[in-house]
Each structure stands twice: as structure tokens, then as C-alpha cells.
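Asker: sequence first, then the predicted structure:
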Amino acid sequence: MNLDRSHKMPGRRDFLLQAAGWTAATGASFGTGCAPDPPDQPVIDVHIHTDFEDEMARRQAQTLSHVDFSPKGLLAEMAQNNVEHAITIGFETAGGQLSREAPNPFPPFIPPDAQSAARLLPVGGINPNRLDSAGLERIEQQLSAGRLKGLKIYLGYYPVAPDDDAYRPVYELAAKYSTIVIFHTGDTASADAKVRYAHPLPIDDVAVDHRGVTFVVAHLGNPWTMDAAELLYKNPNVYADLSGFLVGDAAYFDDPGSARGIEDTVGRIREAFAWVEDPRKFLYGSDWPLVPMKPYLNFIRQAIDPEHHELVFHGNAKRVFQID
């Protein structure tokens, strides 16, 4: 596969032999009290949503994470956690579902102030129901003007497989304009989504057929994390973000009753990380506003060995998304 393994990690066998004792060996704790990275270490969050007027997103913030879901609240959390840039992804709902009428691409809202414009980088959402010639023309206009850092395909929320012919023109445009394609994978926030379409394995066909495109598997396919890990190991053009594994407010992360579930989730991420054997394939993302930034950062820090923090929390995103 011509993969450079110069950043080689402890192998799968080493991990499996040591897995039972890794928590004691690393001294890991779960919650916001863990040892932070140096305060000057910047972070790039590759997965947030800023559609502040969207009914579903507002309800989730109000009832689940209790974050200040506003431009002011977002910039405050970014400043408090040294989040240098964030990739914000287009998100448009109607009646509790992703909109079937959303235009292509549906861009995220970015507040017009200079600070937001400089630090929030847009990814446009794709509606497979409107990929007619006019929809594709609008996508190309946005890409050719350099207004988007990528395109997001919402597998499962829209019951269309990643290798469906409907998406082929999107991949062709992504190749033409060297644009990232992000896939939602794994569990969905809606019980009415069709989750079999969100399984990560069919992305392998797309990755093989479109080697000129860089793909990001959002949420590492959770709960199918090992299937997603195989995609990353096998395909040089596939990466994953670590967003959306846990949702809730700061109290959830500090609750002793949550510790076992958090520990189990950390273990699954570490197992996938060991399988891939390349720390350059993983990108930090939070899925804000589903979770406050600080506890989620500390949770993912527990899952990634400190020697790989610079890559996972900053360097990989800077390289993959070509952030200046």
C-alpha cells in the first residue's frame, strides 16, 4: 500500500497483551480532573455545528449539553480551551430530521465578525435528494470560489449508500477541487434514520474507486470502530475524526456513575488506534454543541497517548484540511 510507517506505534499484539492493564499503567482518570496538555498547545476541532437557529441543535444544547449555543458562547469555549480553528459543518433540519429540501450545498452559519470568520472553517452539507444539475452547479460554484473546506455526506440520516451513483458527481467535484469529503458514520441522533446506511464498511468501495479524494470517517464509525479502523489501515486516503463518542454536559463527565462507560469508550478508541498503527490517521473533533469542549477534550486525551497529542489535536487537521 506504500504506507509510510515512520510514526509506527506499539503494534496490535502489544496492545492486546497489555490491554487489561493499560489504565493502571498510564495512571488514567476519567473526567475533567485529568492532567491537561500545556496551555500553549493549540487545538483544531474538525467537527462542530454552528447553525444557531436550527431547532434540533438548539434543543440538544438546551436539554443535553447545557452549553451557551451562541456565537459568543462558542468563541468563549474556543478561547478557554485554546481551540485555534474549528471546522463547522452545514446542518439543516425540518421536523426533527435532516431536511429533504435543503439546497446543495447547505452551508453552516458563520457569524460575520472578523474573529469568527478567521477561526471557523466551513464544510457544506450534501442533500442527495437535490443533486440535479442545478444542485451540482451550486456545489461547484462554492468549491471553485474556495468558500468550503469540505463536503459532508450524512449517511443514515439520508438512506443512500456511499457508493450510490447519486454521490459519484460529488466525489468527482471533490477530486477536481482537492476537497475533503466527510461521511457521517455509526449511530444517529434520530431514531428514524436508517443506520445500516451509516455502517463504515461500504466506504471502502468509494475510497478504492476515488483514490484522488481524501475521506474522513466522522465518529470513527461508532459503534463499529474496528470496521472503521480497518478502513484507515487499508486505505491511504481515509482518515477518521473522534467526535461524538459521548454526549452530555460537564456534570455527566464528572459523575462517578459515568466512569465505567467512559472507561469502556476510551478502551475502544485505544483498540482502534492500535489496529491502525498510524497516529496521523486520526483527527480531534467534539461535535459541539452536543458536548462542552473542555470535558470532551480531556476525554479524548485519555484515549490518545501523550506523545501523539500534537498530531491528533492539531498537526493532522492542519495537514489534511490544509489550514494556514
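Answerer: All right, it came through fine.

Asker: quick check: buried residues in stretch 213-226?
Answerer: In terms of neighbour count (16 or more other C-beta atoms under 10 Å), stretch 213-226 has its buried residues at Val213, Thr214, Phe215, Val216, Val217, Ala218, His219, Leu220, Gly221, Asn222, Trp224, Thr225. No exception for glycine: its C-beta is placed from N, CA and C like everyone else's.

Asker: which of these fall in helices?
Answerer: Secondary structure defined by DSSP state H assigns Thr225 of the buried residues of stretch 213-226 to helices.

Asker: the buried residues of stretch 213-226 into CSV, with extra columns for distance to Asn129 and pLDDT?
Answerer: What follows is the buried residues of stretch 213-226, written out as CSV (distance: C-beta to C-beta, whole Å; pLDDT from 0 to 100):
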residue, distance to Asn129, pLDDT
Val213, 22, 98
Thr214, 25, 98
Phe215, 22, 98
Val216, 23, 98
Val217, 23, 98
Ala218, 20, 98
His219, 23, 98
Leu220, 27, 98
Gly221, 24, 98
Asn222, 26, 98
Trp224, 26, 98
Thr225, 30, 98
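
Asker: nearest to Asp187 among the buried residues of stretch 213-226?
Answerer: When the buried residues of stretch 213-226 are compared for distance to Asp187 (C-beta to C-beta), Asn222 comes out closest, at 6.1 Å.

Asker: what distance do you get for that closest one to Ser133?
Answerer: Applying C-beta to C-beta, to the nearest Å, the value for Asn222 to Ser133 is 36 Å.

Asker: the helices in the stretch 151-300 of the chain, which residues?
Answerer: 168-176, 203-209, 225-234, 250-254, 259-276, 293-303 (DSSP state H, counting those that start in this stretch).

Asker: out of those, which comes closest to Val83?
Answerer: Distances from Val83 to each of these were compared by C-beta to C-beta, and the smallest falls on helix 293-303, at 6.5 Å.

Asker: what's the angle from the closest one to helix 259-276?
Answerer: An angle of 60 degrees separates the directions of helix 293-303 and helix 259-276 when computed by axes from the mean of the first three to the mean of the last three C-alpha atoms, to 10 degrees.

Asker: helices and strands around helix 293-303, which ones?
Answerer: helix 71-80, helix 250-254, helix 259-276 (3 or more C-beta pairs under 8 Å, 6 or more residues apart in numbering; DSSP states H and E).

Asker: state the pLDDT value of Pro200.
Answerer: Confidence at Pro200, expressed as pLDDT, is 98.

Asker: how close does Asp241 sit to Ala86?
Answerer: If you go by C-beta to C-beta, the gap between Asp241 and Ala86 works out to 12 Å.

Asker: poorly predicted segments of the chain, please.
Answerer: Across the chain, residues meeting the criterion (pLDDT under 70) sit at 1-36, 38-39.

Asker: circling back: using TSV, please lay out the helices of the stretch 151-300 of the chain together with distance to Lys149.
Answerer: Formatted as TSV, the helices of the stretch 151-300 of the chain follow (distance: least, C-beta to C-beta, whole Å):
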stretch	distance to Lys149
helix 168-176	12
helix 203-209	19
helix 225-234	20
helix 250-254	29
helix 259-276	23
helix 293-303	20
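
Asker: His49: which of those is closest?
Answerer: Closest of these to His49 is helix 293-303, at 13.0 Å (criterion: C-beta to C-beta).

Asker: what's the helix or strand that the closest one is followed by in contact with?
Answerer: Downstream of helix 293-303, the first helix or strand assigned by DSSP states H and E is helix 309-310. The set of residues that contact helix 309-310 without belonging to it, under C-beta atoms under 8 Å, 6 or more residues apart in numbering, is Asp37, Gln41, Arg301.

Asker: now swap in stretch 316-324 and tell me
Answerer: Contact partners of stretch 316-324, identified using C-beta under 8 Å, 6+ apart, comprise 44, 46, 85, 87, 121, 149-150, 180, 214, 216, 239, 279-284.

Asker: alright, I will stop here.
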